[in-house]
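Peer 1: everything below, folded, please.
(chains A and B)
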Amino acid sequence: MAGSTQTLENLANREYEWGFVTDIEADQAPPGLNEDIIHLISHKKGEPVWLLEWRLRAYRRWLEMPEPEWSMVQHPPIDYQRIVYYSAPKQRKKAESLDEVDPELLRTYEKLGISLLEQKRLAGVAVDAVFDSVSVATTFKHELEKYGIVFCSFSEAVQKHPDLVQRYLGSVVPYSDNKHACLNSAVFTDGSFVYVPKGVRCPMELSTYFRINAENTGQFERTLIIAEERSYVSYLEGCTAPKRDENQLHAAVVELVALDHAEIKYSTVQNWYPGDSEGRGGIYNFVTKRGKCLGKRSKISWTQVETGSAITWKYPSCILQGDDSIGEFYSVALTANRQQADTGTKMIHLGKRTRSTIVSKGISAGRGVNTYRGLVKIGPRADGARNYSQCDSLLLGNKCAAHTFPYLEVKNPTATVEHEATTSKIGEDQLFFCQQRGISPEDAVSMIVNGFCKQVLRELPMEFAVEAQKLLGLSLEGSVG
Amino acid sequence: MNAPLLEIEDLHASAGGEEILHGIDLVVRAGEVHAVMGPNGSGKSTLAGVLAGKPSIEVTRGKVSYFGRNLLDIAPEERAREGIFLAFQYPVEIPGVSNMYFLKTALNAGRRHRGQEELDAIDFLALVREKMKLMQIDEKMMNRSINEGFSGGEKKRNEVLQMAVLEPRLAILDETDSGLDIDALRIVSNGVNSLRSPDRSMIVITHYQRLLDYIVPDFVHVLASGRITKSGGKELALELEEKGYAWIDGGAGR
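Peer 2: Sure, this is the predicted structure:
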């Protein structure tokens, strides 16, 4: 018995591989938050007045708003005045192409396995890379322009497509939505913008890679994706950060809008620095993600693999407004060591015959705490709406925890709502069985965990599914207790 | 006489704080099939567990050597890669992990250990298909999760299939016959018999003589209350069947 428990204990204490720091000069604002800083950010970005005013409204609202306290996560109060709200890698001028990007930056992405140069040559994925607060390079831009697809940094979109930005910014996540979204609205510095015109099927995966580098910086990116009628786009984001003893705040907002018959597939592989085994350092990942199925028969699908961050607080949601629209949420959340995750989704059924599917897989190891929190709301007009939810928890060891909080609000008698939940433990019998066949305990755990997550992983684009699988294995290495 | 492959000397082992094996001595040579029989609770599965390295069993005294090495110092997965195979009495289910994938991972772990090249998907499939035929297991079953929703007979056939693919040096079959109907028993026994070879040894643990009609052992040992109380040739099994365990166990304090 002791042997196997020991193995499980060891399995969760892995090292973070992406914890290096890039030595690069940064153009930074002084720490602290006030209206001057917001003016500064807006000025640096050369923003129109309406956007500055929107930021200021958000800031004033933020001052009054309480921190959300309903979740299971626990952390000391955040000192917002110690955070740096603007940090940009210093470059002589804005890079127009990859050749002009600082080679040190490119090497950083290389180390992360994201070779921007490679991306230039190999068809398949277009990448936007966000370093600290600003977007450093977007590959494949010209290729995409042929289809009329806009894929650029948020700052660029503000300059080049102000009408679209003004029309949709805050239309899904209003600045007053919650404290973290409010902060983001006030101080967001960059992010990605995607616009897919009518009838266009985006020919490649669009991908953004986020990296927090500078110390004491927060990353507040903002993503806006608009899919016009009968269009399709698949978007993926990945994230890492260096090892720091201090907690760093990441408060992003993602808004998706799908018009009639449009489909948006949004996948996340989140691997922010999770902190060490004692819970020192790590990213606070407080993110608001929401999609609106505005048009009839539109579809939004969220897939997330969350293995990093000290604390994850996010609920990618769908507002199913168009009749016959579809929302999906597939999630794997892994908490090892002292990580905490409170994650799930909201499916808001407003239109008729709207359908949603929720598949959530939580894995807790070490002293990790994993909470699924999901709301399924069926409005009075949503005749014939259907939801299916499945929430499974897998425990490794006996010091971790898993919680499930499903909320159902059904205001239409013709709706069908199903909920299934299971909790299981990787048994010593299963481990021994694998060992007896020659498989090491590490490989056995990784195999069992991947088996547990299969339903979600198969929703990811192929190459990212492989990466996610590796990540799950690594995240559990040497861990569980 | 062949060199011993496995030597067990004065083996004492406990589980859950209670001593179950009270001094076992047994020598198995290459190519031999030993049957270990005994009533419930006599320590048969504990003996199998010790050999495979089950973590919940503690060896308190004695020696076990395998090809001259101290077996008790070797991690369970390495024992497996070195050719020890245990067909479980109660094979576990692992949801989401396909039988096929599992078996390929296991086979390649062993091959890597022995410095052989790993089999790719195509070669592996060719190998496993041949063994599947032998065990009457179809592809559908191979693509299902390990043992999930398998009947008792299917689970046991699956164990022997794994054994056939992994080709162990020492196979331990822990009550592989329990819960099998006569057809399944025949399939399982055929599979096991086809694996008999001069350099492969087997320890067949069973409660009933019936299995030994199909898998004919070279030696039979009777285990009672944690000791081997009698050893003999295959005729001992028949004698046991006739007279019952009480004949052996009479004075052993049960």
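Peer 1: when you work out contacts or count neighbours from here on, use the C-alpha atoms and nothing else.
Peer 2: Fine.
Peer 1: residues in contact with residue 45?
Peer 2: No chain specified, so I'll use chain A. A:K45 sits next to A:S155 when contact means Cα atoms under 8 Å, 6 or more residues apart in numbering or on different chains.
Peer 1: try again with chain B
Peer 2: Contacts of B:S45 (Cα under 8 Å, 6+ apart): B:174, B:205.
Peer 1: pLDDT wise, what is it at?
Peer 2: We have a pLDDT of 94 for B:S45.
Peer 1: that one and B:G226, how far apart?
Peer 2: In this view, B:S45 and B:G226 are 11 Å apart by Cα to Cα, to the nearest Å.
Peer 1: same check on B:D183?
Peer 2: 33 Å.
Peer 1: ditto for B:N147
Peer 2: 31 Å.
Peer 1: with A:S325 instead?
Peer 2: 67 Å.
Peer 1: now swap in A:A258 and tell me
Peer 2: 71 Å.
Peer 1: okay, the two: which has more neighbours?
Peer 2: Under the neighbour definition other Cα atoms under 10 Å in any protein chain shown, A:A258 and B:G226 were set side by side, and A:A258 has more, 30 against 23.
Peer 1: beta-bridge partners for the more buried one, please?
Peer 2: A:A227, A:C293 (DSSP bridges).
Peer 1: that one: what's it in contact with?
Peer 2: A:226-229, A:264, A:291-295, A:298-300.
Peer 1: what ranges do the strands span in the stretch 151-254 of chain B?
Peer 2: Using DSSP state E, counting those that start in this stretch, the strands of the stretch 151-254 of chain B run over B:170-174, B:201-206, B:219-224, B:227-232.
Peer 1: neighbours of the residue lying closest to A:H403 once chain neighbours are set aside, just the number please.
Peer 2: Take A:H403 and drop its neighbours on the chain: the residue closest to it by Cα to Cα, 6 or more residues apart in numbering or on different chains is A:T371, 4.6 Å away. When neighbours are counted by other Cα under 10 Å, A:T371 registers 27.
Peer 1: who's in contact with A:I226?
Peer 2: Contacts of A:I226 by Cα under 8 Å, 6+ apart are A:194-196, A:256-258.
Peer 1: before we move on, the earlier item: just put the strands of the stretch 151-254 of chain B in TSV and tack on mean pLDDT, mean neighbour count and distance to chain A.
Peer 2: What follows is the strands of the stretch 151-254 of chain B, written out as TSV (pLDDT from 0 to 100; neighbours: other Cα atoms under 10 Å in any protein chain shown; distance: least, Cα to the nearest Cα, whole Å):
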stretch	mean pLDDT	mean neighbour count	distance to chain A
strand B:170-174	97	26	11
strand B:201-206	96	25	16
strand B:219-224	94	24	24
strand B:227-232	93	17	24
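Peer 1: now tabulate these in JSON lines and tack on distance to A:S440.
Peer 2: Formatted as JSON lines, those follow (distance: least, Cα to Cα, whole Å):
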{"stretch": "strand B:170-174", "distance to A:S440": "20"}
{"stretch": "strand B:201-206", "distance to A:S440": "24"}
{"stretch": "strand B:219-224", "distance to A:S440": "32"}
{"stretch": "strand B:227-232", "distance to A:S440": "33"}
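Peer 1: any residues of chain B in contact with chain A? List them.
Peer 2: B:52, B:54-57, B:76-81, B:85-86, B:91-97, B:105-107, B:109-110 (Cα under 8 Å from any Cα of the partner chain).
Peer 1: what about the residues you listed, which are in strands?
Peer 2: B:57, B:85-86, B:94-97 (DSSP state E).
Peer 1: pick out the most distant pair among these.
Peer 2: B:I57 and B:G96 (28.6 Å; Cα to Cα).
Peer 1: which residue does the stretch 101-250 of chain B bring closest to chain A?
Peer 2: Of all residues in the stretch 101-250 of chain B, B:A106 sits closest to chain A, at 5.5 Å by Cα to the nearest Cα.
Peer 1: quick check: that residue touching A:Q436?
Peer 2: No - using Cα atoms under 8 Å, B:A106 makes no contact with A:Q436, being 9.1 Å away.
Peer 1: most neighbours out of the contacts of A:A258, which is it?
Peer 2: For these, neighbours tallied by other Cα under 10 Å; top is A:C293, 35 neighbours.
Peer 1: wait, it sits on A:L320?
Peer 2: Yes - using Cα under 8 Å, A:C293 is in contact with A:L320, at 5.0 Å.
Peer 1: common neighbours of these two, please.
Peer 2: A:326-327.
Peer 1: for the host helix or strand of B:I122, name the packing helices and strands.
Peer 2: Assigned by DSSP states H and E, B:I122 belongs to helix B:121-135. Here helix B:121-135 touches helix B:152-166, helix B:182-194, going by 3 or more Cα pairs under 8 Å, 6 or more residues apart in numbering or on different chains; DSSP states H and E.
Peer 1: which other residues reach that helix?
Peer 2: So helix B:121-135 is contacted by B:104, B:138, B:157-158, B:160-161, B:164-165, B:187-188, B:191 (Cα under 8 Å, 6+ apart).
Peer 1: what's across from the residue most central in space within chain B in the sheet?
Peer 2: Here the mean C-alpha position of chain B is nearest to the C-alpha of B:I172 (Cα atoms, centre = their mean), at a distance of 1.8 Å. Applying DSSP bridges to B:I172 yields these beta-bridge partners: B:L86, B:I203.
Peer 1: is it in contact with B:V192, as I believe?
Peer 2: No - counting by Cα under 8 Å, B:I172 does not reach B:V192; the two are 10.9 Å apart.
Peer 1: ok, residue 158 - contacts?
Peer 2: Picking chain A for this. A:47, A:165.
Peer 1: ah, I was thinking of chain B
Peer 2: B:135, B:137, B:147.
Peer 1: can you pull out the helices in the stretch 101-250 of chain A?
Peer 2: Secondary structure of the stretch 101-250 of chain A (DSSP state H, counting those that start in this stretch): helices located at A:103-111, A:116-121, A:141-145, A:154-160, A:162-168, A:179-187.
Peer 1: pick out the shakiest of those, pLDDT-wise.
Peer 2: helix A:116-121 (a mean of 46).
Peer 1: quick one: low-confidence residue ranges for the stretch 1-150 of chain A.
Peer 2: A:1-26, A:88-140 (pLDDT under 70).
Peer 1: so what's A:G473 closest to, chain neighbours aside?
Peer 2: Nearest to A:G473 is A:S446, by Cα to Cα, 6+ apart, at 4.8 Å.
Peer 1: wasn't that neighbour part of a helix?
Peer 2: Yes - according to DSSP: H, G, I helix; E, B strand; the rest coil, A:S446 belongs to a helix.
Peer 1: I'd like the distance between it and chain B.
Peer 2: 11 Å (Cα to the nearest Cα, to the nearest Å).
Peer 1: now that residue: how far from A:K377?
Peer 2: For A:S446, the distance to A:K377 - Cα to Cα - is 35 Å.
Peer 1: near chain B, which residues of chain A?
Peer 2: Neighbours of chain B within chain A, by Cα under 8 Å from any Cα: A:1-4, A:429-430, A:432-440, A:447-448, A:450-454.
Peer 1: narrow the residues you listed to just the buried residues.
Peer 2: A:4, A:429-430, A:432-440, A:447-448, A:450-454 (16 or more other Cα atoms under 10 Å in any protein chain shown).
Peer 1: in the stretch 1-150 of chain B, which spans are helices?
Peer 2: Under DSSP H, counting those that start in this stretch, the stretch 1-150 of chain B gives helices at B:44-52, B:76-81, B:99-113, B:121-135, B:139-143.
Peer 1: go through those helices and pick out the most buried.
Peer 2: Mean neighbours per residue, mean count of other Cα atoms under 10 Å in any protein chain shown, is largest over the helices of the stretch 1-150 of chain B for helix B:76-81, with a mean of 25.
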